[in-house]
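Enquirer: mind folding the following:
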Amino acid sequence: RSLCVVSSLATDVALSSERRQRVNVSTWLLALIALTVMLAWVGNPPVQRTQEARVMETAREMLGRGWHDWMIPHLNGNVRVEKPPLAYWLAAIAFKVGGIGEAAGRVPFVLIGWLTMLITAAVARKFFSARVAFQSGAILVGGMMFARYARLAETDILATCAATAAIACIWLGIEGSVSP
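Expert: Take a look at the predicted model:
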């Protein structure tokens, strides 16, 4: 009888290990599909929003000047300190790598959106399960507002990622400090 129980437990462990591998593969597949979808047609639609145009133009102006404009951004000759400079830096670096254009300027913001999805899925996996991680990532990327704003060269996705990371760190810190 005890041999049968041990055999049954070994089979259950093997099945759960196999199931975990399938879920891990599906989670990584989601991550790759999400990145592909988020990067697809990143240059469309053309820049229409004023804030996105300001970020891209400020980044473009950074390229033509010295290091001073990287520290104190300018837009049309006027100092632009209304927003943190990280968005301008990311777009300017992307312009240096990929050339000046809508698609190149948006790529860093798409990657930050993708990072937000990865953080969300990682926290869901840590506290719940791989299945919940997959679902939370899919729901986030499939949400209309997230899908739209994660593809624009604006500061919103940077703030979203920072807030998501901060909440994840707080939650992990609280859970890690509590002993059973």
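
Enquirer: just checking, which helix or strand of this protein averages the lowest pLDDT?
Expert: With mean pLDDT, DSSP states H and E as the measure, the helix or strand of the chain carrying the lowest mean pLDDT is helix 2-39 (a mean of 60).

Enquirer: C-terminal to it, what's the next element?
Expert: Towards the C-terminus, the helix or strand next in line after helix 2-39, according to DSSP states H and E, is helix 50-63.

Enquirer: avg pLDDT for that following helix?
Expert: Confidence over helix 50-63 (mean pLDDT, whole number) is 79.

Enquirer: what comes up buried for stretch 107-125?
Expert: Residues of stretch 107-125 classed as buried under the neighbour-count rule (16 or more other Cβ atoms under 10 Å) are 107-114, 116-125. (C-beta placed from N, C-alpha, C; glycine too.)

Enquirer: I misspoke; the intended subject was stretch 79-97.
Expert: Residues of stretch 79-97 classed as buried: Arg80, Lys83, Pro85, Ala87, Tyr88, Trp89, Leu90, Ala91, Ala92, Ile93, Ala94, Phe95 (neighbour count, 16+ other Cβ under 10 Å).

Enquirer: keep only those of those that are in helices.
Expert: Under the assignment DSSP state H, the buried residues of stretch 79-97 contribute Ala87, Tyr88, Trp89, Leu90, Ala91, Ala92, Ile93, Ala94, Phe95 to helices.

Enquirer: tell me the one of these nearest Thr27?
Expert: Minimum separation from Thr27 among those (Cβ to Cβ) is found for Leu90, which lies at 26.5 Å.
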